[in-house]
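1. Sequence first, then the predicted structure:
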Amino acid sequence: MPVTITKEPPRQPEVIRLLNLSDTYMASLYPAESNHLLDVASLEKPGVHFFVARRQGQVLGCAALVEAGDGTAEIKRMFVDPQARGLSLGRALLAILETQALTLGLTAIRLETGISQPEAIGLYRKAGFADIEPFSPYLPDPLSLFMEKRLVPAA
């Protein structure tokens, strides 16, 4: 069965279940001060584009693109249900976020991820993200890695 990825509101029981799974996973890897997770209310604000991956109606993954107001956006809350890993959903979610960013006329996508997530880091590097210095509002953190992908509009 095909997977669909659409822009949806985050305040849905299945999405909240997925966000809670993400919270639990992140808390198992990093101390609270190194977790920079957005809550559901923050995901509902203007300038936040939230996407949900589904197969046969079941929520398998999600990701948000948060406009920074300076021509860039940040990826937040990207997570794939552990039972859905191996379906290339991370790559598909990244592609949707990049398309959205280009549609918005943005020049770059940034992210903060933890050093204990080699699969995520590998995914971002394969997608063209490069390491950068911490960007606002972040401070340097030995448990964090900051990345950016410059966007080039299609001719």
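-> Thanks, I have the structure now.
2. distance between the longest helix anywhere in the chain and the chain's centre?
-> For the chain, the helix with the greatest residue count under DSSP state H is helix 13-29. Relative to its parent chain, helix 13-29 has a centroid offset of 13 Å by CA atoms, centre = their mean, to the nearest Å.
3. nearest spatial neighbour of the one residue sitting closest to the centre of the chain, skipping sequence neighbours?
-> Central residue of the chain (CA atoms, centre = their mean): Met78, 3.1 Å from the mean position. In space, and not counting its chain neighbours, Met78 is closest to Ala63: 3.9 Å by CB to CB, 6 or more residues apart in numbering. Every residue, glycine included, has its C-beta placed from N, CA and C.
4. ok, back up a step: surely the residue nearest to the centre of the chain is in contact with Leu89?
-> No. Using CB atoms under 8 Å, Met78 is not in contact with Leu89, being 9.7 Å away.
5. circling back: tell me which element the residue nearest to the centre of the chain is part of?
-> Assigned by DSSP states H and E, Met78 falls within strand 72-80.
6. try Pro153
-> Using DSSP H and E, no helix or strand contains Pro153.
7. Spatially nearest residue to it (excluding sequence neighbours)?
-> Nearest to Pro153 is Leu102, by CB to CB, 6+ apart, at 6.0 Å.
8. Okay, and the one you found sits in which element?
-> Per DSSP H and E, Leu102 falls inside helix 89-103.
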